[in-house]
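Student: this one's structure only:
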């Protein structure tokens, strides 16, 4: 009987932890890390007030565990697809393959799309709310995958200098986070047109490929001069 009771207790504790993770993820995505209170998380999870401290130690650790789970899911899918990218006769250009491997998990590929969009919102919020925490979490959970993708981009585009490649990669990151967070509505447009998820990959892969392929010599270099001209009328 003691063994049965122990298993039941373990399952109950595991269920409480999972409810806290799911409730935390929903609230962090909706309101951001700093705006969410411990009381609101435990209320949504239907658990007692001390549950967060018991299972995680703090609200921040709960947030970091939520972030780690979301990042692990996306990184795992990206690297699985990246492993299948290779140049070869009859295959799409390597650049398009790598871009698809990066973009698809944040947009259309994989199960639990709502949870992936939720993580994208969490990521977008923490970048604007707490840049130090964001920098630490992004390096910890995306750093290794970033180096692998950059290596493949360098293989596909050997003539693009790494500093320029890094700026283009940064633009790729911003694009997929915004598009994949279900914030895809163009809010400033009169009709607030929205890109359908099913079309996002078809639009973004060629768009990003054109950006990455721009020859260094064709890259505008005097943006400051252009700004001065515009300011002077």
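Tutor: Cool, got the structure. Because the structure is predicted, anything quoted here is derived from the model rather than measured.
Student: pLDDT score assigned to residue 2?
Tutor: Reading off the confidence values, residue 2 has pLDDT 50.
Student: I meant to write residue 78 there.
Tutor: Reading off the per-residue confidence, residue 78 sits at a pLDDT of 96.
Student: host element of it?
Tutor: Secondary structure here is read from DSSP states H and E; on that basis residue 78 sits in helix 59-82.
Student: Can you show me the helices along this structure?
Tutor: Using DSSP state H, the helices of the chain run over 2-31, 38-45, 51-55, 59-82, 94-107, 113-129, 131-156, 162-180, 197-213, 223-232.
Student: Quick check: buried residues in the helix holding residue 78?
Tutor: Within helix 59-82, the residues that count as buried by 16 or more other CB atoms under 10 Å are 59, 62-67, 70-71, 73-75, 77-78, 81-82. Every residue, glycine included, has its C-beta placed from N, CA and C.
Student: returning to that earlier point: pick the most deeply packed of the helices of the chain.
Tutor: A comparison of the helices of the chain by mean neighbour count, using mean count of other CB atoms under 10 Å, puts helix 94-107 on top with a mean of 23.
Student: That one packs against which elements?
Tutor: Helix 94-107 makes packing contacts with helix 59-82, helix 113-129, helix 131-156, helix 162-180, helix 197-213 when contacts are defined by 3 or more CB pairs under 8 Å, 6 or more residues apart in numbering; DSSP states H and E.
Student: mind checking how far residue 87 is from residue 48?
Tutor: For residue 87, the distance to residue 48 under the criterion CB to CB, to the nearest Å works out to 57 Å.
Student: Ignore what I typed, I meant residue 133.
Tutor: Taking CB to CB as the measure, residue 133 and residue 48 are separated by 27 Å.
Student: follow-up on the earlier one: now the weakest link among the helices of the chain, please, by mean pLDDT.
Tutor: The stretch with the lowest mean pLDDT among these is helix 2-31, which comes in at a mean of 76.
Student: Figure out which of the helices and strands packed on helix 94-107 is closest to residue 100.
Tutor: The closest approach between residue 100 and any of these, judged by CB to CB, belongs to helix 197-213 at 5.7 Å.
Student: Is residue 48 in contact with residue 42, as I believe?
Tutor: Yes. The pair residue 48 / residue 42 is scored as a contact, 6.7 Å apart, by CB atoms under 8 Å.
Student: pretty sure residue 102 contacts residue 176?
Tutor: Yes. Assessed by CB under 8 Å, residue 102 is found in contact with residue 176 at 7.1 Å.
Student: got a list of what the residue nearest to residue 46 when sequence neighbours are not counted touches?
Tutor: Distance criterion CB to CB, 6 or more residues apart in numbering; nearest residue to residue 46, sequence neighbours excluded, is residue 19 at 6.7 Å. Residues in contact with residue 19 (CB atoms under 8 Å, 6 or more residues apart in numbering) are 45-47.
Student: The helices and strands packed on helix 94-107: which one's closest to residue 30?
Tutor: helix 113-129 (7.8 Å).
Student: and that closest one with helix 197-213, angle?
Tutor: 50 degrees (axes from the mean of the first three to the mean of the last three CA atoms, to 10 degrees).
Student: Please state the offset of helix 113-129 from the chain centre?
Tutor: Counting by CA atoms, centre = their mean, to the nearest Å, helix 113-129 is centred 7 Å from the centre of its parent chain.
Student: Mind giving me the packing neighbours of it?
Tutor: Here helix 113-129 is seen to pack against helix 2-31, helix 59-82, helix 94-107, helix 131-156, helix 162-180 when contacts are counted using 3+ CB pairs under 8 Å, 6+ apart.
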